[in-house]
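J.: Return atomic coordinates for the entry below.
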Amino acid sequence: MKIVYLMRHAKSSWKHAELNDLDRPLLEKGLKRTRLIIEHLQKNNAVIEVVITSHAIRASETARLMAHAFNVDDHNFRIEKGVYMADASSLMDQFYDLPQKVSHVLMVGHNPSITSFANTFLKDKIEYLPTSGLVAISFDTDKWEELPLARFKTEFMIFPKMFQ
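T.: As a prediction, the model looks like this:
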C-alpha cells in the first residue's frame with residue numbers, strides 16, 4: 001500500500017508587491033496553521049518518508065516545516081519545479097521514480113493544481129484546498145508506477161480551521 005498526502009502550502013504574504021510570485025514568504029499565521037496540521041498528524045501516528053515540493057518559497061518553507069516534524073532527511077526532500085504550475089498528470093509523474101520501499105509521501109503544492117489533483121481521488125469534490133489543508137489517499141499497490149491504475153481510497157481530509 002502507498003499513502004500520498006497532498007497539501008497546499010501555508011498562508012503566504014502579499015505584502016511586498018515587488019516580489020516575484022515564487023518569492024512570496026509565509027505569514028506567521030500560515031506557520032501556526034501548519035503546526036496545527038502537524039500536531040493532528042502526529043497524534044494520529046502519521047508517517048512521512050519523502051517530501052516533494054514546488055520550488056516556490058511558500059511551498060518549500062511549508063514542506064521544510066513538515067519534513068522537520070516528521071524527521072525526513074535532506075536525501076528524501078525533493079524540490080521539483082514541475083510541481084509549481086502542474087496539471088494532474090504532471091503531478092502524478094512526480095511519484096514514478098520513488099523507491100518502492102517508500103510507502104508514505106507528502107506533496108506540497110499550489111492551487112488550482114493541488115485541488116484539481118486531489119479531486120481526482122475525492123468522491124465529494126472540493127472547490128479548493130485551503131492553505132495548509134491536506135488530503136490523504138491510500139493506493140492499493142506496492143509499486144509507485146501503478147498508482148494511476150490502482151484502487152484508491154480517501155483516508156481523510158483536514159483543514160486548519162478544524163483545530164482552531
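J.: Just the pLDDT for residue 18.
T.: On the pLDDT scale, residue 18 is placed at 67.
J.: For the least confident helix or strand in the chain by mean pLDDT, which helices and strands make contact with it?
T.: Lowest by mean pLDDT, DSSP states H and E among the helices and strands of the chain is helix 88-93, with a mean of 91. Applying 3 or more C-beta pairs under 8 Å, 6 or more residues apart in numbering; DSSP states H and E, we find helix 88-93 packed against helix 113-119. Any C-beta I mention is one placed from the backbone N, CA and C, and that applies to glycine too.
J.: in the least confident helix or strand of the chain, what counts as buried?
T.: For helix 88-93, burial by neighbour count (16 or more other C-beta atoms under 10 Å) applies to 91, 92.
J.: May I have that helix as PDB, with CA atoms only?
T.: Provided in PDB are the C-alpha atoms of helix 88-93 (Å, rounded to 0.1, in the frame of the first residue of the first chain):
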ATOM      1  CA  ALA A  88      -2.900  16.400 -12.500                       C
ATOM      2  CA  SER A  89      -0.900  14.200 -14.900                       C
ATOM      3  CA  SER A  90       2.300  16.100 -14.300                       C
ATOM      4  CA  LEU A  91       1.800  15.800 -10.500                       C
ATOM      5  CA  MET A  92       1.300  12.100 -10.800                       C
ATOM      6  CA  ASP A  93       4.600  11.800 -12.700                       C
END
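J.: Let me know the average pLDDT across the helix or strand that comes right after it.
T.: Next in sequence after helix 88-93, counting helices and strands by DSSP states H and E, comes strand 104-109. Taken as a whole, strand 104-109 carries a mean pLDDT of 98.
J.: Contacts for strand 104-109, please.
T.: Here strand 104-109 makes contact (C-beta atoms under 8 Å, 6 or more residues apart in numbering) with 2-9, 46-54, 59-60, 62-63, 66-67, 70, 83-84, 86, 91, 94-95, 98, 114, 117.
J.: ok, of these, which come out buried?
T.: Burial by neighbour count, 16+ other C-beta under 10 Å: within the contacts of strand 104-109 this picks out 2-9, 46, 48-54, 59-60, 62-63, 66-67, 70, 83-84, 86, 91, 94-95, 98, 114, 117.
J.: Of those, which belong to strands?
T.: Among the buried ones among the contacts of strand 104-109, the ones falling in strands (DSSP state E) are 2, 3, 4, 5, 6, 7, 8, 50, 51, 52, 53.
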